[in-house]
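S.K.: Pasting the sequence and the predicted model now:
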Amino acid sequence: MGEDRAQEVVRVVDLMPFSFSTSLRIELEIKEVLDTVHQRCLGWIGGALEQLAEVSVMEARRCLSGKEAPQYWRRRAPQILRQFNSHFVDPTTSPSKNHIYMENGNIAAASPEEVRRSPAFGWAASDTSGILSPFTFSRRKNGENDVTIKILYCGICHSDLHSVKNEWQNSVYPIVPGHEIVGVVTEVGGKVDRFKVGDHAGVGCMVNSCRSCHQCAGHHENHCPGMILTYNSTDADGTVTYGGYSDSVVVEEHFAVRFPAGMPLDRGAPLLCAGITVYSPMKRFGFDVPGKHIGVVGLGGLGHVAVKFGKAFGAKVTVISTSPSKRQEAVERLGADAFLVSKDPDEMKAAWGTMDGIINTVSAAHEVTPLLSLLKTFGQMVMVGAPEKPLEIYAFPLLLGGKSIVGSAIGGMKETQEMIDFAAEHNLTADIELISMDYVNKAMERVAKADVRYRFVIDIGNTLSAT
Ligand SMILES: [Zn+2]
Ligand SMILES: [Zn+2]
């Protein structure tokens, strides 16, 4: 980066419209914030200019004025702030005196008294050991578009384990995991119209997105480049997101799911991640039609709900597993129509070309070519698990029969609501083991060994205590 460019950015930063809400008695003076920005500016440029570089300085200046391009500013500023805060704000003290965040489309600074935050309590991992322990933090106060949910139950997803152990190399500690959150609404903002106090509501894997891109417009917020995850992510206001192993969550109404009457809160919680992850591709690829034949590879948290959704759609469901010991479980307990041992060449051969689609939930390394032979012409195998190593795929099994391997990741908010409503209509819930908060570390060990049928759900409401 050239010196001129750096100077230019410093001048742009000067133009940022810092605003202070007198009603909330923010005591920092503008000068103090500007000094802070100046002190830190050179480092900030290093990180943030990557993002700013695609915008001309003139355009940035216009956008930062917040007048001529308010739409653009609203989308852009949180990204810039995220970069700023990730460089300079100690997450353990967030929001610090120098924490910069968005308020009504302008930049503001957090007060030293943290007047705008509500205390929260949960369990967090503080290092790669992944061991969780009690943790006090804060959440934003309920805004006009927000709902606050008192959390009653939270499922344990395998992603939680990956995250607390930093297995995806992107963890920022402390982490409060949990993205299968269900509870009761305790506060709603003035512009909220889908929820009222006392309603049952859920929060899944994401808590925000840009709301203006093509994907968001098409109800695919899960594919928005600005999508914000429920934990270990940076929210639009620049603060770190904390998940559902905690007493409460504040979320924009758009990212909360109405829990239908009759849907059990504990057994419904895992549907917010595991359920939508399999439901979405089954809808998208037309597996949701009576008479279709669907294969489900792997019988864990995702696989067992895939079997249930397949049956609810009226499809024929065959569970495919390496382990013959799961046959009885799959057929008798979960209602699968058939069971196929993938290591048995005779069984596999007998099923060649019989399946319209396959939901592959396996996240360990495995051979996919034999599975492709199970598909009918033009069939799809949908990957919803994520093996760490690359898959080995030969082209011929794809060419002959015009088959596809596709991927899928959760679903948009509209579809998530449809999924939970559909599940309620069909009495479809996850099979769970309900545990207390202090069992969570043991539960994580068991998740690592796939020793759970099929989802742990933490009884937050009854067992999370701040004392
Ligand atoms: Zn999950
Ligand atoms: Zn978007």
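M.R.: Here it is on my side, so go on. Ligands and ions are numbered 1, 2, ... in the order given.
S.K.: What number of residues are in the vicinity of the closest residue to ligand 1 within the stretch 251-400 of the chain?
M.R.: Of all residues in the stretch 251-400 of the chain, Cys273 sits closest to ligand 1, at 3.2 Å by Cβ to the ion. For glycine as for every other residue, the C-beta is placed from the backbone atoms N, C-alpha and C. The number of residues packed around Cys273, counting by other Cβ atoms under 10 Å, is 26.
S.K.: Surely it and Met206 touch.
M.R.: No: between Cys273 and Met206 no contact is recorded; they are 10.2 Å apart, counting by Cβ atoms under 8 Å.
S.K.: any residues in contact with both of those two?
M.R.: In the contact map built from Cβ atoms under 8 Å, 6 or more residues apart in numbering, the residues linked to both Cys273 and Met206 are Ile410.
S.K.: rewinding a little: so who does the residue of the stretch 251-400 of the chain closest to ligand 1 touch?
M.R.: Residues touching Cys273, when contacts are defined by Cβ under 8 Å, 6+ apart, comprise Gly155, Cys157, Ser159, His179, Glu180, Gly204, Cys205, Ile410.
S.K.: and with 6 Å instead?
M.R.: The contact partners of Cys273, by Cβ atoms under 6 Å, 6 or more residues apart in numbering, come to Cys157, His179, Glu180, Gly204, Cys205.
S.K.: Report how many residues lie close to the fourth one.
M.R.: Looking back up the chat, that one is Gly204. Gly204 has 31 neighbouring residues, counting by other Cβ under 10 Å.
S.K.: And for the first one?
M.R.: Neighbour count for Cys157, taken as other Cβ under 10 Å: 26.
S.K.: Next: Ser212.
M.R.: As a burial measure, Ser212 scores 14 neighbours (other Cβ under 10 Å).
S.K.: Please, which helix or strand holds it?
M.R.: Secondary structure assignment for Ser212, by DSSP states H and E: no helix or strand.
S.K.: Give me the distance between it and Thr463.
M.R.: 41 Å (Cβ to Cβ, to the nearest Å).
S.K.: Name the residue closest to the centre of this protein, please.
M.R.: When Cα atoms, centre = their mean is applied to the chain, the residue found nearest the centroid is Cys205 (2.2 Å).
S.K.: Next, the closest residue to it other than its chain neighbours: secondary structure please.
M.R.: Residue nearest to Cys205 in three dimensions, not counting chain neighbours: His179, with 4.5 Å by Cβ to Cβ, 6 or more residues apart in numbering. Following DSSP: H, G, I helix; E, B strand; the rest coil, His179 is assigned to coil.
S.K.: What residues does His179 make contact with?
M.R.: Going by Cβ under 6 Å, 6+ apart, His179 touches Gly204, Cys205, Thr230, Gly243, Cys273.
S.K.: Tabulate those residues in CSV, adding columns for secondary structure and pLDDT.
M.R.: Listed next are these as CSV, based on DSSP: H, G, I helix; E, B strand; the rest coil; pLDDT from 0 to 100:
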residue, secondary structure, pLDDT
Gly204, coil, 98
Cys205, coil, 97
Thr230, coil, 97
Gly243, coil, 98
Cys273, coil, 97
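S.K.: Quickly name whichever of these is closest to His219.
M.R.: The shortest gap between His219 and any of the contacts of His179 belongs to Gly204, at 14.3 Å (Cβ to Cβ).
S.K.: Would you check that the closest one makes contact with Ala274?
M.R.: No: with contact taken as Cβ atoms under 6 Å, Gly204 and Ala274 are classed as non-touching, separated by 9.9 Å.
S.K.: Count the residues that sit near Glu392.
M.R.: Using other Cβ under 10 Å as the criterion, the residues surrounding Glu392 number 10.
S.K.: again, but for Ile228
M.R.: Look at Ile228: counted by other Cβ under 10 Å, it has 20 neighbours.
S.K.: That one contacts Asn208, correct?
M.R.: Yes: counting by Cβ under 6 Å, a contact exists between Ile228 and Asn208, whose distance comes to 3.9 Å.
S.K.: on that earlier part again, closest to Val457 out of the contacts of His179?
M.R.: Cys273 (11.7 Å).
S.K.: Next up, phi/psi of that closest one, please.
M.R.: As for Cys273, its main-chain torsions (degrees, to the nearest 10) stand at phi -120, psi -60.
S.K.: and what of the one 3 residues further on?
M.R.: The phi and psi values for Ile276, taken as degrees, to the nearest 10, are phi -70, psi -30.
S.K.: Show the contacting residues for it.
M.R.: With contacts defined as Cβ under 6 Å, 6+ apart, Ile276 is in contact with Ile410, Gly411, Thr416, Met419.
S.K.: Let me know the secondary structure of the last one.
M.R.: It refers to Met419. In three-state terms, and counting by three-state DSSP, Met419 is helix.
S.K.: And the first one, by the same measure?
M.R.: Each residue gets one of three states, and Ile410 gets coil by three-state DSSP.
S.K.: Get me the contact residues on the chain for ligand 1.
M.R.: Near ligand 1, the residues belonging to the chain are Cys157, Ser159, Cys273 when assessed by Cβ under 5 Å from the ion.
S.K.: change it to 8 Å
M.R.: Of all the residues in the chain, those in contact range of ligand 1 (Cβ under 8 Å from the ion) are Gly155, Cys157, His158, Ser159, Asp160, His179, Glu180, Cys205, Cys273, Ala274, Thr277, Ile410.
S.K.: And the pLDDT at the second one?
M.R.: This means Cys157. Cys157 carries a pLDDT score of 95 in this model.
S.K.: Now it: closest residue in space, sequence neighbours ignored.
M.R.: The spatially closest residue to Cys157, leaving aside those adjacent along the chain, is Cys273, at 5.0 Å (Cβ to Cβ, 6+ apart).
S.K.: Give me the packing partners of whichever strand in the chain runs longest, helices and strands only.
M.R.: Among the elements of the chain assigned as strand by DSSP state E, the one spanning the most residues is strand 146-156. Under the contact definition 3 or more Cβ pairs under 6 Å, 6 or more residues apart in numbering; DSSP states H and E, strand 146-156 sits against strand 181-188, strand 248-252, helix 265-268, strand 455-459, helix 460-463.
S.K.: Format these as CSV; extra columns: mean neighbour count.
M.R.: Putting the helices and strands packed on strand 146-156 into CSV (neighbours: other Cβ atoms under 10 Å) gives the following:
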stretch, mean neighbour count
strand 181-188, 23
strand 248-252, 24
helix 265-268, 22
strand 455-459, 24
helix 460-463, 18
